[in-house]
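Trainee: Give me a model of this one.
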Amino acid sequence: MKYLLIGLVRFYQGAISPFFPNACRHTPTCSQYMVEAIQKHGAMRGGWLGLKRIGRCHPWGTHGYDPVP
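Mentor: Predicted structure coming up:
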């Protein structure tokens with residue numbers, strides 16, 4: 001499961017993300033955060049942390065350096 005989720009994120013990074021402007025508000029980017037969270041915490045908790053991070057990525061949300069806990 002872990003490798004499937006990371007594979008989906010890598011697919012997004014390589015095939016979909018290049019067609020959108022670079023507008024990320026966080027460091028590391030949300031997709032890289034998701035990969036790091038899954039690697040560190042596993043598929044369930046890491047996936048949840050990644051989804052929460054994506055939920056914070058909007059014009060009125062947080063910004064700046066936000067490492068994986």
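
Trainee: Give the residue farthest from the middle of this protein.
Mentor: Here the chain reaches farthest from its C-alpha mean at Trp60, the gap being 18.1 Å by CA atoms, centre = their mean.

Trainee: Now do the helices in the chain.
Mentor: For the chain, helices defined by DSSP state H occupy the ranges 2-11, 30-41, 43-55.

Trainee: highest average neighbour count across those helices?
Mentor: Sort the helices of the chain by mean neighbour count, taking mean count of other CB atoms under 10 Å, and helix 30-41 sits at the top with a mean of 19. For every residue, glycine as well, the C-beta is placed using N, CA and C.

Trainee: Could you save the helices of the chain as a markdown table and add columns showing distance to Ser17 and mean pLDDT?
Mentor: Listed next are these as a markdown table, based on distance: least, CB to CB, whole Å; pLDDT from 0 to 100:
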| stretch | distance to Ser17 | mean pLDDT |
| --- | --- | --- |
| helix 2-11 | 10 | 95 |
| helix 30-41 | 7 | 95 |
| helix 43-55 | 13 | 93 |
